[in-house]
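> Quick one, structure for this:
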Amino acid sequence: MTPTTTFSYDLAGVSAFRDRDACERVRAIPRATLERGEHPNPDFRISVVDDPAVFYRRFADDILGRITAARDAGEQFVAILPVGPVPQFELAARAINERRISLRHVHTFNMDEYADDEGRTAPPSWEGSFQRAMWQHFFGRIDPELRPPEEQIHFPTSEKIGDYSARLEALGGADACYGGIGWSGHIAFWEPHLGHEFDGDLDAYRAAGARTVDLHPMTVMQNALHSFGGDWSWVPPKANTIGPREILGAKHRSFWLDGDLGGGFSWQRFIARLVAYGPVSEFVPGTLLQETRTDYTLLGSVADDLAVDMS
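Residues are numbered from 1 along each chain as shown. Below you'll find the model as predicted:
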């Protein structure tokens, strides 16, 4: 076998984050470190779940536990929800129906929605719409007498994006923000290239709210791979999304990383590590979570060590 040799090169131009040393450092973090949940911020709680069925059940149970705790306390529950993954929503809907859990006290705000090149959001009738997915996999599966009133189910459509942040803040902000991490490091569709607008002012970056954005090329490719049959021409160029203000302003954050493509391959291994252990940077939006109280749960294949495999 030919011994490994040094081969130096700059990062590809698609990356807004340019710290090669940081990339090399986090790439070397072993699965064992993630399994132990080691992190400088003890409130940034990392866990690894190997069984996908257990992973999605825990995700569903987390949502249900917060809904029922708020109900029992006589309080409203305000949640920021992602679209993917969706198995946990189907599990949650089934449990809601079986246990007859009323969601009349629940207000939901979806993180994002696709938009066309002029910023007009996709209608619920379009097959790739996040509104459509949420009604198919969650709201529509809940018995009508149990689901939240429709005026309490919010999506960042073209009509609502202008005051989407204000609508959420009028309810006291989110009690919980659920989400994942994109291949580019985005949270919601808050993309890495947006960092250039803030000229290094992280306070202004943290305070940025909901808006229309251009999707990062890596996001287009990622979403083509897992939602559009690999067809990047099918992925819309823009989206409406919440901003760091809504995510960081939530009372709790619960992020779930399940980027497994099967066959022992996960696209999320590197970005999971960069977000958790890289420098806090506006060019890797997910790194802002490191400064907060966040549950950060990885499917086992995401936690596996990184290695070059040319077999």
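> now the helices for the chain?
20-27, 31-36, 52-72, 87-99, 130-137, 164-170, 202-206, 217-227, 244-249, 269-277, 300-303 (DSSP state H).
> Format those as a markdown table; extra columns: distance to Gly182 and mean pLDDT.
All C-beta spots, glycine's among them, are computed from the backbone N, C-alpha and C. Output for the helices of the chain, formatted as a markdown table (distance: least, Cβ to Cβ, whole Å; pLDDT from 0 to 100):
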| stretch | distance to Gly182 | mean pLDDT |
| --- | --- | --- |
| helix 20-27 | 16 | 97 |
| helix 31-36 | 19 | 98 |
| helix 52-72 | 18 | 98 |
| helix 87-99 | 18 | 98 |
| helix 130-137 | 14 | 97 |
| helix 164-170 | 20 | 98 |
| helix 202-206 | 17 | 97 |
| helix 217-227 | 6 | 95 |
| helix 244-249 | 13 | 98 |
| helix 269-277 | 7 | 98 |
| helix 300-303 | 13 | 97 |
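> closest to Ser158 out of those?
Set against Ser158 and scored by Cβ to Cβ, those come closest in helix 164-170, at 10.6 Å.
> and Ser129, what is it in contact with?
Neighbour list for Ser129: 113-114, 122-123 [criterion: Cβ atoms under 8 Å, 6 or more residues apart in numbering].
> now it: how far from Asp61?
Distance, Ser129 to Asp61, using Cβ to Cβ, to the nearest Å: 27 Å.
> Same question for Thr68.
10 Å.
> do Leu103 as well
16 Å.
> Please, a ChimeraX command that selects the buried ones among the contacts of Ser129?
ChimeraX command restricting the contacts of Ser129 to the buried ones, with burial defined by 16 or more other Cβ atoms under 10 Å:
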select :113,114,122
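> Tell me the one among the contacts of Ser129 nearest to Thr292.
Glu113 (24.7 Å).
> Can you name the residues bridging to that closest one?
Assessed by DSSP bridges, Glu113 has beta-bridge partners Asn240.
> which residues sit in contact with the spatially closest residue to His193 that is not a sequence neighbour?
What sits nearest to His193 in space, not counting adjacent residues and going by Cβ to Cβ, 6 or more residues apart in numbering, is Ala16, at 5.2 Å. By Cβ under 8 Å, 6+ apart, Ala16 lies in contact with 192-193, 195-196, 283.
> go with 6 Å
192-193, 283 (Cβ atoms under 6 Å, 6 or more residues apart in numbering).
> Of those, which is the most crowded?
In terms of neighbour count, Pro192 stands highest of the contacts of Ala16 at 23 neighbours, by other Cβ atoms under 10 Å.
> any idea how far the closest residue to that one other than its chain neighbours lies from Ala188?
Spatial nearest neighbour of Pro192, chain neighbours left out: Ala16 (4.1 Å); criterion: Cβ to Cβ, 6+ apart. Shown here: Ala16 relative to Ala188, a distance of 17 Å by Cβ to Cβ.
> Same check on Gly229?
Separation of Gly229 from Ala188 (Cβ to Cβ): 24 Å.
> Tell me which of these two has more neighbours.
Remark: of Gly229 and Ala188, Ala188 carries more neighbours, 26 against 8, as counted by other Cβ under 10 Å.
> what phi and what psi does the backbone show at that one?
phi 50, psi -140 (degrees, to the nearest 10).
> can you check Glu159 too?
The phi/psi pair for Glu159 (degrees, to the nearest 10) is phi -70, psi -30.
> What is the neighbour count of it?
10.
> Next, the contact list for it, please.
If you count contacts by Cβ under 6 Å, 6+ apart, Glu159 has none.
> Quick check: it vs Glu246, distance?
For Glu159, the distance to Glu246 equals 18 Å [Cβ to Cβ].
> Just put the contacts of Ala16 in a markdown table and tack on distance to Leu81 and pLDDT.
Listed next are the contacts of Ala16 as a markdown table, based on distance: Cβ to Cβ, whole Å; pLDDT from 0 to 100:
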| residue | distance to Leu81 | pLDDT |
| --- | --- | --- |
| Pro192 | 23 | 98 |
| His193 | 25 | 97 |
| Phe283 | 26 | 98 |
